[in-house]
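>>> Okay, here's the prediction I keep looking at, along with the sequence it came from:
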Amino acid sequence: MNTQRRRALVFGAVLLVLAAAALALGAGIGSTGFESLWVARHDPVAMQIVWDIRLPRTLGAWLAGALLGLAGAVAQGLFRNPLADPYLLGSASGASLGVASAMVLFGASPTSTQWVTRIGVTGAAFLGAVAAVLLTLLLARGVQQTLRLLLAGVIVGVVFGAIKDLFTIASADILVAMTAFMLGNTGLVGWSACVVMGASGALCLLLAWALAPVLDGLALGEATARSLGLPLGAMRAALVAVLALATGTAVAQTGLIAFVGLAAPHLVRSVVKTTHAGLIVLATLMGGLLLMTADLGARWLIAPQELPVGVLTAVLGGSYLLWLMHRRSARAAP
């Protein structure tokens, strides 16, 4: 076993240990700050809160972050751009438009606790994300040209975002609920959402790992990838499907959470050098840890009030990327 592979395995193990520690910590953080599980185990009400609210929320944050981290690694490899994020194909704007449409038509709200309403909003977000990706593929005439696919995604995102804004202006009563969705929210994630994200994440991770050689080939250029005998058309389509499914599932359950999918692969590459197979797995673990940690901070920093988790990830992720750009500029300076 070479040094880089051993380092990647150790790094993956560290991420898993930190995630387990954060999960245990998340079970003890409530509206009144940190509460010891050792004390709570003697109180049936407190234990019900732990098992029915805190644990699924914390685990759900990890699963959503893992999906975004995986999607970010796939997007950056597919577009051969380290600044690519999971929302490039218009899925974020599509999900927002789907939620806005559901609230205008049915009066649904993502802050509702009724499971029927919650499933309706979740389904609308997922369908909106899928519709945006399909429209992007239609405008790009398939997946053969990466640049055309990227431009089509930007156009679809702008148009869908504008339509969502029109819906919000026309129905001002949905403004608060839409703001909560746009800022990201893990507070309503339950065990059913964890099951959905876990199943989707396992499928996406398996497919992305199997297709990792395509991303390795694309990193060397399309001509080189074709010379290796890789069926780029079919494999690109499969990678886009993985990207859409992972992003759509995460957004449908937690709303729009910025920078996790963009920052997770960068953090991994700053620690270890590995192929895309290793990068996809490690970015998945890193994304889960990032969002779980942000969720803990959102609950704890101003308890009993709570910060929108998307705001916290944007501040932390943006700060990290600015620092990374500054460091690279300093290295490049004579």
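Arrived safely, thanks for sending.
>>> Against which helices or strands is whatever helix or strand Val17 lives in packed?
Assessed by DSSP states H and E, Val17 sits inside helix 3-26. Judged by 3 or more Cβ pairs under 8 Å, 6 or more residues apart in numbering; DSSP states H and E, helix 3-26 is in contact with helix 55-78, helix 260-271, helix 276-300. Heads up, the C-betas are built off the backbone N, CA and C, glycines and all.
>>> mind running it again at 7 Å?
Here helix 3-26 touches helix 55-78, helix 276-300, going by 3 or more Cβ pairs under 7 Å, 6 or more residues apart in numbering; DSSP states H and E.
>>> Which stretch among those is buried most, on average?
Using mean count of other Cβ atoms under 10 Å, the stretch among the helices and strands packed on helix 3-26 with the largest mean neighbour count is helix 55-78, at a mean of 29.
>>> could I get the helices and strands packed on helix 3-26 as CSV with distance to Thr146 and mean pLDDT?
What follows is the helices and strands packed on helix 3-26, written out as CSV (distance: least, Cβ to Cβ, whole Å; pLDDT from 0 to 100):
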stretch, distance to Thr146, mean pLDDT
helix 55-78, 7, 92
helix 276-300, 16, 92
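>>> Centroid-nearest residue for the chain?
With distances taken as Cα atoms, centre = their mean, Leu68 lies nearest the centre of the chain, 2.3 Å away.
>>> Contacts only, for it.
Neighbouring residues of Leu68 by Cβ atoms under 7 Å, 6 or more residues apart in numbering: Pro86, Ala250, Ile257, Val260, Gly261, Gly287.
>>> Surely the third one is in a helix?
In other words, Ile257. No - applying DSSP: H, G, I helix; E, B strand; the rest coil, one finds Ile257 to be coil, outside a helix.
>>> Now it. Nearest residue, chain neighbours left out?
Leaving aside its sequence neighbours, Ile257 sits nearest to Gly184 (Cβ to Cβ, 6 or more residues apart in numbering; 3.9 Å).
>>> Phi, psi for the one you found please.
Per-residue torsions, Gly184: phi 90, psi 140 (degrees, to the nearest 10).
>>> Over to Leu211?
phi -90, psi 0.
>>> so it sits right up against Ala234, yeah?
No - in this structure Leu211 lies outside contact range of Ala234 using Cβ atoms under 7 Å: 10.0 Å.
>>> Compare the two (neighbour count), which wins?
Leu211 (23 against 12; other Cβ atoms under 10 Å).
>>> if I look at the spatially closest residue to Gly198 that is not a sequence neighbour, how far off is Pro56?
Nearest non-adjacent residue to Gly198, counting by Cβ to Cβ, 6+ apart: Leu63, 5.8 Å away. Distance of Leu63 to Pro56, given as Cβ to Cβ, to the nearest Å: 10 Å.
>>> Now do the shared contacts for the two.
Contacts common to Leu63 and Pro56, judged by Cβ under 7 Å, 6+ apart, are Cys194.
>>> Relative to Val268, how far out is Ala21?
19 Å.
>>> More neighbours: which of those two?
Neighbours per residue (other Cβ under 10 Å) separate Ala21 from Val268, with Val268 holding more: 28 against 11.
>>> Surely that one and Met286 touch.
Yes - Val268 lies in contact with Met286 (Cβ under 7 Å); the separation is 5.4 Å.
>>> so how many other residues sit close to Ala193?
24.
>>> Excluding covalently adjacent residues, which one is nearest to it?
Using Cβ to Cβ, 6+ apart, the closest residue to Ala193 is Gln253 (4.8 Å).
>>> Can you list the low-confidence ranges for the stretch 101-250 of the chain?
Low-confidence segments of the stretch 101-250 of the chain (pLDDT under 70): 106-120, 142-144, 220-232.
>>> Contacts only, for Thr122.
Ala252, Gln253.
>>> any chance you could map the helices in the stretch 101-250 of the chain?
In the stretch 101-250 of the chain, the helices defined using DSSP state H, counting those that start in this stretch lie at 115-140, 146-170, 175-183, 191-210, 212-219, 222-227, 232-254.
>>> Quick check: which of the ones you listed is nearest to Thr275?
For the helices of the stretch 101-250 of the chain, proximity to Thr275 was assessed by Cβ to Cβ; helix 212-219 is nearest, at 5.6 Å.
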